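Undergrad: How does the following fold in three dimensions:
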Amino acid sequence: MLYSNGRGVERDWVKAHLWLNLAASGGYVGAAQPLEYAGSQLGEQELARARDLAREWRPVTVAENKAN
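TA: Next up, the predicted model:
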């Protein structure tokens, strides 16, 4: 929601869609409506990019984080 509202970060509909998509995929039902709205703010290519980012996302492990 931070990316869709521009609170503390620059408004970014691709990132908003990415994180809302992950939240919805994780079972958070409250993400469905904001996800739909975020998608409506994107063009076809931007929406495809947001979906690709969500599909490719994976958490960083503690070991990976320490190595960087």
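
Undergrad: Where does the prediction get shaky in the chain?
TA: Residues of the chain meeting the criterion pLDDT under 70: 65, 68.

Undergrad: let's see it at 90
TA: 59-68 (pLDDT under 90).

Undergrad: residue ranges of the helices in it, please?
TA: 2-5, 13-25, 32-40, 44-56, 62-67 (DSSP state H).

Undergrad: will you turn the ones you listed into CSV that also has mean neighbour count?
TA: Glycine gets a C-beta too; all of them are placed from N, C-alpha and C. Output for these, formatted as CSV (neighbours: other Cβ atoms under 10 Å):
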stretch, mean neighbour count
helix 2-5, 16
helix 13-25, 20
helix 32-40, 16
helix 44-56, 14
helix 62-67, 8
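
Undergrad: number of nearby residues for Arg7?
TA: Neighbours of Arg7 under the rule other Cβ atoms under 10 Å: 9.

Undergrad: Now for it: which residues touch it?
TA: By Cβ atoms under 8 Å, 6 or more residues apart in numbering, the residues touching Arg7 are Met1.

Undergrad: quick one, phi/psi of it?
TA: Main-chain torsions, Arg7, degrees, to the nearest 10: phi -100, psi 110.

Undergrad: So it versus Met1, what's the distance?
TA: 8 Å (Cβ to Cβ, to the nearest Å).

Undergrad: what do those two both touch?
TA: With Cβ under 8 Å, 6+ apart, Arg7 and Met1 have no common neighbours.

Undergrad: Val9 touches Leu2, doesn't it?
TA: Yes. Counting by Cβ atoms under 8 Å, Val9 touches Leu2, with 5.4 Å between them.

Undergrad: contacting residues for the residue nearest to Leu20 when sequence neighbours are not counted?
TA: In this structure, Leu20 finds its nearest non-sequential neighbour in Leu35, 4.0 Å apart by Cβ to Cβ, 6 or more residues apart in numbering. Leu35 sits next to 17, 20-21, 23-24 when contact means Cβ under 8 Å, 6+ apart.
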